[in-house]
Structure formats: structure tokens, C-alpha cells
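Engineer: Have a look; sequence and predicted model below, questions after that.
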Amino acid sequence: MTCTIEKKTELVNNSRLSEPTSWPHRPLFIRKNKAASFNSNLTCSSYESCSLPIGEPFHFESDLFVGTALIRIKGCRADDDENYFGGRKRTSTTIIQGRFKEALRADEVLTGQEFFRPFRRRISRWIVQAGTMFFRQLAPGLQIDLDSDRPSMFSILAGTAQVFRADEAGTEPDITGRSVFEHCEFGGKKLNSAKRKRLLRNPGAAENYIFDTESVYTFDFYQHLLDPFSYTMNLGLIKNVDLAPSLDNQAIQACAKTKDGRYLWSFDFWHENCIDKSED
């Protein structure tokens, strides 16, 4: 099933959130992306009408992927901050573990951020340039479009995840521990994280890696540049950029989708600073 841009926008903007005073993880409310629900039948089991958990795994399924997600955010009382975040720079992680329901080439599967309306406050050109240069150092091949009616930034998932594993069913790691370790083979050779990122962020190489439907894949997207709890971002020398006005009060996401627009997963991270104007 396909979904027009207008229909996606309607679903995103008209789906009301409850008052922040009722949010279990205030100032955050995490839910499945409504466009992904319509476009790719994304479901989240017991959490269809309430906030997704933080610090606790939950099951999800779409037309293309079935598995478990674990979201950790530094500062949330629901999370085990000291055990997981202690001694680390990272401010959040989203760990995804599960199976592909359709075999896909790695170059066809992207991760990143997308927004369903243009930013009212156009981001200063020098900030856009600085941010683009900074993020492309971290993820070469990153495609950034912040000036269009649907701003977005996407890169190849297999070359972007901090940790990438492919295991036989039954041998996959426990994602609730402090660390998940790399286990990736390409062309008959085991790759460490740095080599895998360097290789699979290149579309020409990534097209030769196939996500099969038998293996259990684990992706860890930990990072320290964006702080969901304060809804700010650090762009190298530019510190604590307030995301709510910069993004026109839209949610950031943990998202994976194909080049042809089908979602594997997409979870919206709403902050209470966005709410006053996001649903006018």
C-alpha cells in the first residue's frame, strides 16, 4: 500500500497527544509514527494507544520487519542511568533486534530523520552548512535536505549503526545488557565496526550485502550529539541547539525505511516543548 504525502501529513498532525502532565516519561512521549502505521502496518503490541516504554524492550512488527526495540535515554527516571550511561558520553540509544520479512539489499535500507512539513523558521545557512559538514564526517554519504517542504536526512543503515550483528536464530545477544558487540561478515571476512561502516556506507559495496529472512539482526544506534531529554543538539563548536523551534515543533525519530518509502520501523520522540504549537 502506498500513501500520499498529504495523507501522511494529515495523520501526523491530526493525531492528538495527551497532556504532558499525564506522560509516564515526562518530558518525553514516544509512540509509533502514524505515517509508518498507515504506510507499512507498523504495530507495537501492547502499546498501541499509550507511550512506548523507555529502558524496557517492546515488541513491534511492520510489513518488512518483526522484532524487539529497546530505547534508553539519559535522564529518564525509568531508565537505569548509572548502569548503562555511567562513564559514557552517549545520551541515548535505540537497539533493534529481529528478522527481515523480505530479503533486501543493504543499500536499499536507510536510517535517519524526516519531517512532514517545512520548517517555519528557516535554519540559518551557516548552521546548515556547519551541521552538514559535521554529520557527513560521521556518516559520509548522508543525504541532507533541510530547505524543502519535507526536510530529511538519511544514510545507509548498515553503514550508520554503531553496532551491527547478524546471528543464527537462538544465538542472538541479550540487548538489555550494558553492551552489544559487533558481529558482521562480508565477502567471507569478519569486519570490525570501523571497517564495516567504511565499507557499507558506500552504496556500491552495500548493494552486494543482502539482509536475509533467516538471520536475527541487531542494530545499536547509540549516540551523544542529540539529547532527547533536553531536546537539544550539539554540532561540534555549536552547542545546545534548541530543537523545538529549529524543527518547527516536530518530533525526532528512530526510523528505518526503504528507498521506495516502505517503513521497517519508525518511532516518534515527542518533547513537551513541542506540544503548544505542534497541534494548533
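Structural biologist: Cool, the structure landed. Residues are numbered from 1 along each chain as shown.
Engineer: Name the spans of the stretch 1-150 of the chain whose pLDDT lies under the cut-off.
Structural biologist: Low-confidence segments of the stretch 1-150 of the chain, defined by pLDDT under 70, are located at 1-15, 78-81, 120-141.
Engineer: For S22, give its distance to C44.
Structural biologist: According to CB to CB, to the nearest Å, S22 stands 19 Å off from C44. (Glycine included, C-beta is placed from N, CA and C.)
Engineer: swap that for A166, sorry
Structural biologist: Between A166 and C44 the distance, using CB to CB, works out to 24 Å.
Engineer: repeat for R31
Structural biologist: Relative to C44, R31 is positioned 8 Å away (criterion: CB to CB).
Engineer: Show the residue spans covered by the helices in the stretch 151-280 of the chain.
Structural biologist: Counting by DSSP state H, counting those that start in this stretch, the stretch 151-280 of the chain has these helices, from start to end: 157-160, 193-200, 203-206, 243-246, 272-278.
Engineer: residues contacting F229?
Structural biologist: P27, L28, I73, K74, G75, C76, T91, S92 (CB atoms under 8 Å, 6 or more residues apart in numbering).
Engineer: Closest to R262 out of those?
Structural biologist: If you rank the contacts of F229 by distance to R262 using CB to CB, S92 comes first, at 25.4 Å.
Engineer: The closest one contacts C76, doesn't it?
Structural biologist: No. S92 sits out of contact with C76 when judged by CB atoms under 8 Å, with a separation of 9.2 Å.
Engineer: Among S22 and C44, which residue is more densely surrounded?
Structural biologist: Between S22 and C44, counting by other CB atoms under 10 Å, C44 is the more crowded of the two (22 against 11).
Engineer: What's the separation between that one and S215?
Structural biologist: Remark: distance between C44 and S215 (CB to CB) = 23 Å.
Engineer: ok, now N208?
Structural biologist: From N208 across to S215, the span is 16 Å (CB to CB).
Engineer: more neighbours, those two?
Structural biologist: Here N208 and S215 are set side by side on neighbour count (other CB under 10 Å), and the busier one is S215, at 16 against 13.
Engineer: Provide a list of residues in contact with that one.
Structural biologist: In this structure, S215 makes contact with R99, A166, D167, E168, A169, judged by CB under 8 Å, 6+ apart.
Engineer: ditto for S18
Structural biologist: Under the criterion of CB under 8 Å, 6+ apart, the contact partners of S18 comprise F29.
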